[in-house]
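Visitor: How does the following fold in three dimensions:
(chains A and B)
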Amino acid sequence: MSDGPTPPANAAPPPVRAPVCRHHWIVRVTHWATLLLVTGMIASGLQIYEAYARFGNRGGPLFPSPFDGTQFPHWTRLGGWLAGALNWHFALMWPLVTVGLLYLGYLVQSGEWRALLFRPRDVRGAIDMTRYYLRLRPDHPPQGKHNPLQKLAYTSIYLLGAVAVLTGLAIYKPVQLSWLTALFGGFQATRYWHFWIVWIFVAFTITHVILVFAVDPASFRAMLTGWYRGRFPSRD
Amino acid sequence: MTESQTPRLDRRAFVTLGVAGGAASLVAACGWDGGNAVRPRLLDISRLNDWVGEKILFSPTRLARTYTPAQRSAMLPGYFISNSVPTLENPSAWRLRVDGLVRQPLDLSLDDLMGMPRVTYTVKHHCVEGWSAIATWHGVPVSAVVQRCQPLDAARYIRFVSFDSDYSNGWDMASALHPQTILAYGMNDNPLPPAHGAPLRLYSPTKLGYKMTKYLVSLTFTDKRPGGYWEDQGYPWFAGI
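Guide: Numbers count the residues shown, from 1 in each chain, chains lettered A, B, ... in the order given. So this is what the prediction gives:
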């Protein structure tokens, strides 16, 4: 297995690239399902947040947050009221976790994880890639299916997804799963982290969409149909 | 190439349609509880979650963490559904009625309850809204009352009824028999204040606040799952944490 990046085509690229199948259907279906489900989780979460829009025990110090007392716009909220939002949130958690496990199971089973997991040996390439983006390096470093910075971003978002689920469980059952709640610093601290993860997800998604269209628009079609005609390799 | 493109386009159109349709329905759902089409399904899943909470995650012996009195919160909001604090016209005539599927129905005065085994603990209160607060509670374990009234084998639930308008809650027997589930007549070393359910309220650190019936008048043992004030409006029934 050559972890080393495929050399860039030195010859002039052919005018029409043959399409290659870049994404398995499991990847595509779970990708779009995750988008829908996370949107529903965030929207119902913002409705739940409205019921007590701060973090900290009653009568005690509050965690610093720019969103203290914030009521998010009506169109961002799902559920109508607290009970409706809770029911959405606790219903969508099942398909969301299922989709996440299905996706991770596919990555492991197919070996595809090798193209996505950021490992220590990717550090060097990540520096090269950063230098390229900062225009300290003229040529695009050679890469496999994903460049090291992409691997770093995707690996981080998997970890963040896991923390989102674990903090959610710790808020859901702070007595039965008290060890988990304690791990995140207690009930109010766990609410705090669960809430901040939302904004990291939102920031990731905005960056992700911008980069798709700025750097590799062909990858958008690939995530819909599986077929890719873009300029990057589809295999490591 | 041309041959393979047709099915590909169809599939792409199908996926796009699915995503667009899903997104549109989600946008339409915002600020909406699901309407008559979705709400019943959400409630079905809520019942599934109740089952998971009750049968898989709930431990009848695991105790909620306790705190020291010094860790008590500076305040814990009082809460009732009547327009003003519910109070008894004649507090000395108050009795707790214990009936339903029991061998020995009971009428217990506050003195009777205070003469039974006493539990004191300082625990964290979790409100469904997301706030929490620490307070000390004093009372008699529900299990002690259960020992006295001797429920029939058919009794699987307890319905707790209050004199705060039509507020009530239904509990599964395992949660009611948990060692930290008490009928509280005291709070923070004082008699239970009217804002917190005087003369007697249900308390447990393993449930969300809305399950802990205040202003108690009766416990009825049943074989059918009793509803409750908030539960009937869509809040999760089990509400164990």
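Visitor: From the centroid of chain A, which residue is nearest?
Guide: Centroid-nearest residue in chain A, with C-alpha atoms, centre = their mean: A:I157, separated by 3.8 Å.
Visitor: you'd agree it is up against A:F204?
Guide: Yes - between A:I157 and A:F204 a contact is recorded at 5.6 Å, counting by C-beta atoms under 8 Å. Just so you know, the C-beta spots here come from the backbone N, C-alpha and C atoms, and that holds for glycine as well.
Visitor: And chain B, split by domain according to the record?
Guide: B:2-48, B:64-233 (automatic domain parsing).
Visitor: what's the pLDDT at the spatially most central residue of chain B?
Guide: In chain B, the residue lying closest to the centroid (C-alpha atoms, centre = their mean) is B:K211, at 2.2 Å. We have a pLDDT of 98 for B:K211.
Visitor: Now do the SS call for residue 63.
Guide: Here I'm looking at chain A. The three-state assignment at A:F63 reads coil, by DSSP: H, G, I helix; E, B strand; the rest coil.
Visitor: contacting residues for it?
Guide: A:R54, A:F55, A:G56, A:Q188, A:A189, A:Y192 (C-beta atoms under 8 Å, 6 or more residues apart in numbering or on different chains).
Visitor: Return only those of the residues you listed found close to chain B.
Guide: A:Q188 (C-beta under 8 Å from any C-beta of the partner chain).
Visitor: Quickly name whichever of the contacts of A:F63 is closest to A:A214.
Guide: In terms of C-beta to C-beta, no member of the contacts of A:F63 lies closer to A:A214 than A:Y192, at 33.2 Å.
Visitor: Look up which helix or strand that closest one falls in, please.
Guide: helix A:187-215 (DSSP states H and E).
Visitor: Could you tell me the angle between the very next helix or strand once past that helix and helix A:187-215?
Guide: Once helix A:187-215 ends, the next helix or strand along the chain (criterion: DSSP H and E) is helix A:218-225. In terms of direction (axes from the mean of the first three to the mean of the last three C-alpha atoms, to 10 degrees), helix A:218-225 departs from helix A:187-215 by 110 degrees.
Visitor: starting at the chain centroid, how far to the next helix or strand after helix A:218-225?
Guide: Where DSSP H and E defines the elements, the next helix or strand beyond helix A:218-225 is strand A:227-228. Centre-to-centre, strand A:227-228 and its host chain are 22 Å apart (C-alpha atoms, centre = their mean, to the nearest Å).
Visitor: what do you get for stretch A:28-35?
Guide: For stretch A:28-35, the distance to the chain centre is 11 Å (C-alpha atoms, centre = their mean).
Visitor: returning to what we had before: ok, which pair from the contacts of A:F63 is furthest apart?
Guide: A:R54 and A:A189 (12.9 Å).
Visitor: Helix, strand, or coil at B:K224?
Guide: coil.
Visitor: Equivalent analysis for A:M41, please.
Guide: On the basis of three-state DSSP, A:M41 is classed as helix.
Visitor: what's the neighbour count on it?
Guide: Other residues near A:M41 come to 21 when the count uses other C-beta atoms under 10 Å in any protein chain shown.
Visitor: wait, what's in contact with the residue nearest to the centre of chain A?
Guide: A:I157 neighbours (C-beta under 8 Å, 6+ apart): A:F201, A:F204.
Visitor: That one and chain B, how far apart?
Guide: 20 Å (C-beta to the nearest C-beta, to the nearest Å).
Visitor: about what we covered before: doesn't B:Y167 make contact with the residue nearest to the centre of chain B?
Guide: No - when contacts are counted by C-beta under 8 Å, B:K211 is not listed as touching B:Y167 (11.3 Å).
Visitor: tell me the contacts of residue 125?
Guide: Reading this off chain A. Counted by C-beta under 8 Å, 6+ apart, A:G125 has contacts A:P5, A:P141, A:Q143, A:N147, A:P148.
Visitor: my question was about chain B
Guide: Taking C-beta under 8 Å, 6+ apart, one finds B:L76, B:S132, B:A133, B:I134, B:A135, B:P205, B:G209 in contact with B:H125.
Visitor: related to what we said a few turns ago, could you say what helices and strands the helix holding A:Y192 packs with?
Guide: On a contact count with 3 or more C-beta pairs under 8 Å, 6 or more residues apart in numbering or on different chains; DSSP states H and E, helix A:187-215 meets helix A:25-50, helix A:148-172, helix A:218-225.
Visitor: do that again at 7 Å, thanks
Guide: Packing partners of helix A:187-215 (3 or more C-beta pairs under 7 Å, 6 or more residues apart in numbering or on different chains; DSSP states H and E): helix A:25-50, helix A:148-172.
Visitor: That one versus helix A:148-172: what angle between them?
Guide: Using the same axes, to 10 degrees: helix A:187-215 against helix A:148-172 is 150 degrees.
Visitor: Could you tell me the angle between helix A:187-215 and helix A:25-50?
Guide: Using the same axes, to 10 degrees: helix A:187-215 against helix A:25-50 is 130 degrees.
Visitor: coming back round to it: now, which of the contacts of B:H125 lie close to chain A?
Guide: When contact is defined as C-beta under 7 Å from any C-beta of the partner chain, those meet chain A at B:L76, B:S132, B:A133, B:I134, B:P205.
Visitor: Among these, which has the minimum pLDDT value?
Guide: B:L76 (94).
Visitor: any idea how far B:A135 is from that residue?
Guide: 5 Å (C-beta to C-beta, to the nearest Å).
Visitor: Chain B: strands as residue ranges?
Guide: For chain B, the strands defined by DSSP state E occupy B:96-100, B:106-108, B:119-126, B:132-141, B:157-162, B:168-172, B:182-187, B:190-191, B:201-203, B:216-222.
Visitor: For the ones you listed, give me a markdown table that also has distance to A:T167.
Guide: Output for these, formatted as a markdown table (distance: least, C-beta to C-beta, whole Å):
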| stretch | distance to A:T167 |
| --- | --- |
| strand B:96-100 | 40 |
| strand B:106-108 | 43 |
| strand B:119-126 | 15 |
| strand B:132-141 | 15 |
| strand B:157-162 | 32 |
| strand B:168-172 | 27 |
| strand B:182-187 | 30 |
| strand B:190-191 | 36 |
| strand B:201-203 | 27 |
| strand B:216-222 | 35 |
